[in-house]
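Trainee: need a structure here:
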Amino acid sequence: MDQRFQGNERLRDPRRPQRVRPAPRGAARRPAQGRVLPVARARAERERAGADRVRRSGATDRPGTGRRGAGRGRPRVPAARASRSRGRPARRCRPLLPGLFQLRHVPGLPEAGSDVRAVRPRIVRRRGLGAGDVTDHAISQELPRVQEFAGSPAWVRNALIGITLILVVFGLLSVYSASSFAAQQSGLPGNHVLMSQLARAAVGLVALIVAAFIDYRTYRRYAWPILGAVGVLLVVMILPFTTDIAPVRNGSRRWLMLGPATFQPSELAKVAVVFWTAALAVRKQRSFGSFLSGVLPFLLVLGPLLVLIAAEPHLSATLITAALAATVLFAAGMRIRHFLLLALPIGAGLWWLVRSNSYQLTRILAFLNPEADTSGAGYQLQQAQIAIGSGGILGAGYGESTQKLHYLPEAQNDFIYPIIAEEWGFVGAVTMLILFLAWTHLGFRIAKSAPDLYGRLIAIGLTAIVAIGAFGHIGITMGLLPTTGVSLPFISSGGTGLVIALGVTGILLNVASRRRC
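Mentor: Predicted structure coming up:
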C-alpha cells in the first residue's frame with residue numbers, strides 16, 4: 001500500500017492552506033487559534049506577537065549584538081525597521097494632525113458599497129519573526145493599531161459629539177452676551193436673539209441626529225439632484241422680480257425668505273459642492289492625468305455655480321466654495337500641475353470681481369493699511385483689535401465687554417471672536433482655538449479611516465467647511481485676512497450656519513460608524 005495513504009485518507013498537500021483547528025481544552029491559545037478571524041487580522045496578530053518577542057529578546061538586525069546570544073537562533077528585527085529605530089521599539093505615537101499627503105493618497109481603497117474584508121493585502125515573506133507570511137509593510141504598520149485606545153471608533157465619535165456640544169453651549173452664551181445690549185436699545189427683550197438662537201440650535205440638533213442615521217453613500221446617489229436644487233435656488237436669488245423673497249440687505253441678496261424661515265442658499269451650496277465633487281472624483285480616478293477628461297468636467301459645472309454665488313454678491317462664500325472643491329479634488333489625487341494651470345485664470349477672475357465692486361477693493365486697501373481710514377473701511381478691524389487687546393490674560397468677565405456697546409458692528413455674528421477674547425481674555429481665546437483644532441483633527445481622523453474613497457472625500461470636504469470658516473473668521477478678526485463676512489461655526493448668531501455645522505457633524509458621525517475596522 002502506498003505510504004501516502006493511511007486508512008483511505010490522503011496526506012494533505014503542504015502547499016494548500018490549512019484550516020485552523022480548535023485548541024484542546026485547557027491549552028494556551030495563540031492569537032489566531034481557536035477562533036475565526038479575517039486573514040489580515042490573523043496575520044497582523046502573528047506579526048505583532050513576533051515583534052513582541054523581538055523586543056523582549058533585545059535582538060537587532062546584526063548577529064551578536066544586543067543581549068548575549070541574540071544572534072544565534074533568536075528572531076531578528078528586519079533591517080528596514082532597525083535602520084529607522086536603531087534597535088529601539090517602533091514609535092506608537094501619531095502626529096497631532098494627519099499629513100495632508102496621507103489624506104491625499106488613497107491606494108487600494110474599495111468603491112462605495114463593497115465589502116472591505118474582501119480586499120486582501122499583499123503578502124511578503126519575512127524570516128526571523130516566527131510568524132510566517134505577514135502583510136506588506138504599509139498594511140502591517142496600520143492594522144495592529146486597530147486595538148489602540150486612540151483609534152477606537154466609539155472614542156472618536158464621543159469626542160466629536162462632546163466638542164460640538166461644548167461649542168454650541170459656549171456659542172449660546174456668547175450670543176446672549178454680545179446681543180443683549182443692542183436688543184434692549186432696539187426696544188426688544190435682552191434675550192430676544194438668544195431665544196431665536198436656541199430654536200435654531202434645536203433644529204440643528206435634529207439635523208445632526210437625522211444625518212447620523214442616514215448612510216452617507218446616499219449622498220453619492222443623489223449628488224446631481226442636490227446640486228441642481230441648490231443651483232435653482234441661487235438663480236432665484238438674482239432674478240430681478242424675486243425681491244419679495246430675496247430682499248436686498250446691506251447691498252447684497254444673500255437671504256431667501258420662505259414663510260417664517262430665512263436661510264442662505266450659498267451655505268447649502270458648500271455642502272452640495274462637497275457631495276457632487278466627491279462623487280464625480282470617485283468616477284474620474286483614472287482620468288485625472290488628462291485635463292480635458294479629468295478636470296474640465298468639474299470646471300463646466302462648478303464655474304457657473306460660483307458665478308451665481310458671486311452675483312449676489314458674496315465674495316467670501318465664493319472663495320470658500322472654490323476652496324472646498326479644490327480641497328476635495330486635491331485629496332482625490334488631481335495633479336498639482338492642473339492646479340497651477342488654473343491659478344492664472346482664477347486669479348484674473350477674482351481681480352476683475354474685486355475691481356468691479358468698489359467696496360471690496362476698499363476693504364482690501366484697508367487691510368493693507370488699516371490706519372489709513374480708521375473711521376471708514378478700517379473701523380471694524382480697529383475696534384476688533386481694541387477688543388482683543390483689552391481682554392488681557394483672563395478677560396474683563398462674562399458680559400462685561402465694552403466693545404459690544406455699539407462700538408463693534410455685527411458683534412454677535414461676523415465679529416463675535418473679539419467679544420470672546422475681551423470677556424474671557426487670552427485663555428478663553430486660545431481655548432476656543434484649541435477646540436476648533438481638536439474638532440478639525442477628529443474630522444480628518446474620521447476621513448483617514450473611512451471605509452471607501454467617497455467616504456474619505458466627503459469627510460475631508462465637510463471638515464474643511466468648519467475648519468475654513470473657523471480659522472477664516474479668527475484670521476479676519478485678528479487682521480490676518482481682509483475684512484469680509486465669515487461667521488464662526490457653532491458660535492455666531494445665524495440659523496443657516498448653525499444648522500449646516502451640526503448637520504455636517506452628523507454626517508461625520510455616520511462615516512465614523514462605518515469604519516474599516
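
Trainee: low-confidence ranges in the stretch 401-517 of the chain?
Mentor: Flagging of the stretch 401-517 of the chain using pLDDT under 70 yields the residue ranges 515-517.

Trainee: for it, what spans make up the helices?
Mentor: Along the stretch 401-517 of the chain, counting by DSSP state H, counting those that start in this stretch, helices occupy 416-448, 453-477, 495-512.

Trainee: low-scoring stretches of the chain, by residue?
Mentor: Along the chain, segments meeting pLDDT under 70 span 1-44, 46, 49-152, 515-517.

Trainee: How is this structure divided into domains?
Mentor: Using automatic domain parsing, the domain ranges for the chain come out as 34-147, 151-512.

Trainee: Kindly reformat those as JSON lines and extend each row with mean neighbour count.
Mentor: Glycine gets a C-beta too; all of them are placed from N, C-alpha and C. Output for the domains of the chain, formatted as JSON lines (neighbours: other C-beta atoms under 10 Å):
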{"stretch": "domain 34-147", "mean neighbour count": "14"}
{"stretch": "domain 151-512", "mean neighbour count": "19"}
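
Trainee: Report the contact partners of Arg200.
Mentor: 494-495, 498-499 (C-beta atoms under 8 Å, 6 or more residues apart in numbering).

Trainee: wait, Arg157
Mentor: When contacts are counted by C-beta under 8 Å, 6+ apart, Arg157 touches 509, 512-513.

Trainee: Next SSE downstream of the helix or strand where it lies?
Mentor: Per DSSP states H and E, Arg157 falls inside helix 153-185. As assigned by DSSP H and E, the chain's next helix or strand after helix 153-185 is helix 192-213.

Trainee: got a list of contacts for the helix or strand just after that next one?
Mentor: Past helix 192-213, heading to the C-terminal end, the next element that is a helix or strand (DSSP H and E) is helix 217-221. Outside of helix 217-221, the residues that reach it under the criterion C-beta under 8 Å, 6+ apart are 112-113, 226, 275, 278-279, 282, 454-455, 458, 507.

Trainee: Would you agree Leu306 is in contact with Ala322?
Mentor: Yes - counting by C-beta atoms under 8 Å, a contact exists between Leu306 and Ala322, whose distance comes to 5.9 Å.

Trainee: rewinding a little: a markdown table please, covering the helices of the stretch 401-517 of the chain and showing distance to Asn158.
Mentor: Compiled in a markdown table, the helices of the stretch 401-517 of the chain are given as follows (distance: least, C-beta to C-beta, whole Å):
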| stretch | distance to Asn158 |
| --- | --- |
| helix 416-448 | 10 |
| helix 453-477 | 17 |
| helix 495-512 | 10 |
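
Trainee: Of all these, which one comes closest to Thr242?
Mentor: Taking C-beta to C-beta as the criterion, Thr242 comes closest to helix 495-512 out of the helices of the stretch 401-517 of the chain, the separation being 18.2 Å.

Trainee: Only C-alpha atoms, please: export the closest one in CSV.
Mentor: Coordinates of each C-alpha in helix 495-512 appear next as CSV, following Å, rounded to 0.1, in the frame of the first residue of the first chain:
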residue,chain,number,x,y,z
GLY,A,495,-29.6,79.8,11.7
THR,A,496,-28.2,78.5,8.4
GLY,A,497,-24.6,78.3,9.6
LEU,A,498,-25.5,76.6,12.9
VAL,A,499,-27.8,74.0,11.2
ILE,A,500,-25.2,73.3,8.5
ALA,A,501,-22.4,72.9,11.0
LEU,A,502,-24.5,70.5,13.2
GLY,A,503,-25.7,68.6,10.1
VAL,A,504,-22.0,68.3,8.9
THR,A,505,-21.2,66.8,12.3
GLY,A,506,-23.9,64.2,11.9
ILE,A,507,-22.6,63.1,8.6
LEU,A,508,-19.1,62.7,10.0
LEU,A,509,-20.6,60.6,12.8
ASN,A,510,-22.2,58.4,10.2
VAL,A,511,-18.9,58.0,8.3
ALA,A,512,-17.1,57.2,11.6
